[in-house]
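J.: Provided below for reference: sequence and predicted model.
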Amino acid sequence: MKHKFTILKSTFLLFFMVMISTTFGQTTRLVPSVYATIQAAIDASVDGDIIEVAANTTLSDQVVTIDKAITLKSASGDWQTTPSVIDGASSIYITASNAKLIGFIFDATTALAPGTPGAIFCYTGDGVEISNNKFSNIALSQVITVTATTNLLVDNNEFDTVVKGIFFNSNINSIVSNNTFTDISYGGILMDPVTTNITIEDNTFY
C-alpha cells in the first residue's frame with residue numbers, strides 16, 4: 001500500500017508540474033537573431049510573451065506598436081548593464097494593458113508615435129510599465145506622452161538632454177518614481193488639469 005501511494009503521489013506531482021507549465025508558459029522571442037525587427041517579434045507573439053533584444057545591439061528606425069500584453073526588454077533588463085540602443089526614426093506606441101518596456105537606451109530618436117508629439121505614446125492601457133531605460137538627446141516636444149491610461153508605472157529611468165520628460169493627459173492612478181532628470185529644457189513631469197491621483201516620489205532633478 002505504501003508503494004502504491006508513492007506512485008500516485010509522483011504521478012500527481014508530474015501532472016501538477018505539467019499544468020503549471022501550460023498555464024504559465026511564455027515564449028521568449030529574440031531580436032535580431034530570430035526576428036529582424038521588434039515589430040516582427042511582436043506580430044508573432046501572444047499575451048505574456050517576452051521580446052528580448054540582444055545585448056550590445058543598436059536598432060535604428062524601429063516604428064513599434066505594442067498591442068499585446070508583452071514584455072519588451074533588453075537582454076539584462078537594465079540599460080547600464082548590457083545596453084541595447086534604439087535610435088534613428090524610432091517610436092513606441094503602446095495600446096495594450098499590462099505591457100512592459102524595460103532596459104533600453106533611446107538615443108536621439110526622431111520619429112513621432114502616432115497621434116502624439118513624443119517618442120513614446122501610452123494610450124488607453126492599464127498597468128503599463130516603463131522602467132530601467134535611458135532617454136537621451138531627444139529633441140521632440142516630449143519623450144513620453146500618456147493619454148487615457150490608468151495605473152501606469154514609470155520607474156528608474158534617466159531623462160538626459162530632452163525638451164520634456166513625461167506629459168500626462170487624462171491619466172489616473174499612476175506612479176512616477178526613482179527617475180533622474182538632467183538638462184531638461186521645459187519640464188521633467190507635466191500634467192493637464194484632468195489628470196488625478198499621480199504619485200510622484202523619489203525622483204531627482206538636475
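T.: Now that the structure is in, tell me what you want to look at. For clarity, every value in this text was computed on a predicted model and none was experimentally measured.
J.: how near is Thr65 to Gly77?
T.: The gap separating Thr65 from Gly77 is 22 Å, by C-beta to C-beta, to the nearest Å. Glycine gets a C-beta too; all of them are placed from N, C-alpha and C.
J.: Which residue would you name as the spatial centre of the chain?
T.: Leu101 (1.1 Å; C-alpha atoms, centre = their mean).
J.: now that residue, what's its secondary structure?
T.: strand (DSSP: H, G, I helix; E, B strand; the rest coil).
J.: Now for Asp192: which residues touch it?
T.: Phe168, Asn169, Ser170 (C-beta atoms under 8 Å, 6 or more residues apart in numbering).
J.: Dump those to JSON lines, plus pLDDT.
T.: JSON lines is the format used below for the contacts of Asp192 (pLDDT from 0 to 100):
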{"residue": "Phe168", "pLDDT": "95"}
{"residue": "Asn169", "pLDDT": "92"}
{"residue": "Ser170", "pLDDT": "88"}
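J.: Relative to Thr147, which of the residues you listed is nearest.
T.: Distance to Thr147, by C-beta to C-beta, is smallest for Asn169 among the contacts of Asp192, at 4.5 Å.
J.: Low-confidence stretches in the protein?
T.: Low-confidence segments of the chain (pLDDT under 70): 1-24.
J.: what about the helices in it?
T.: Assigned by DSSP state H, the helices in the chain fall at 2-24, 38-44.
J.: And the closest residue to Thr116 other than its chain neighbours, how close does it get to Ala119?
T.: Using C-beta to C-beta, 6 or more residues apart in numbering and skipping residues adjacent in sequence, the residue nearest Thr116 is Thr145, 4.2 Å away. Look at Thr145 and Ala119: by C-beta to C-beta, they are 9 Å apart.
J.: what's the overlap in contacts for the two?
T.: By C-beta under 8 Å, 6+ apart, the residues touching both Thr145 and Ala119 are Ala113.
J.: Let's see if you can find the most crowded of the contacts of Asp192.
T.: Neighbour tally across those (other C-beta atoms under 10 Å): the maximum, 24 neighbours, falls on Phe168.
J.: Please name the bridge partners of that one.
T.: Counting by DSSP bridges, Phe168 forms beta bridges with Val146, Met191.
J.: ok, it - contacts?
T.: Phe168 neighbours (C-beta under 8 Å, 6+ apart): Val146, Ser174, Ile189, Leu190, Met191, Asp192, Thr195, Ile198.
J.: Could you check how far the third one is from Val46?
T.: So that's Ile189. For Ile189 relative to Val46 (C-beta to C-beta), the value is 34 Å.
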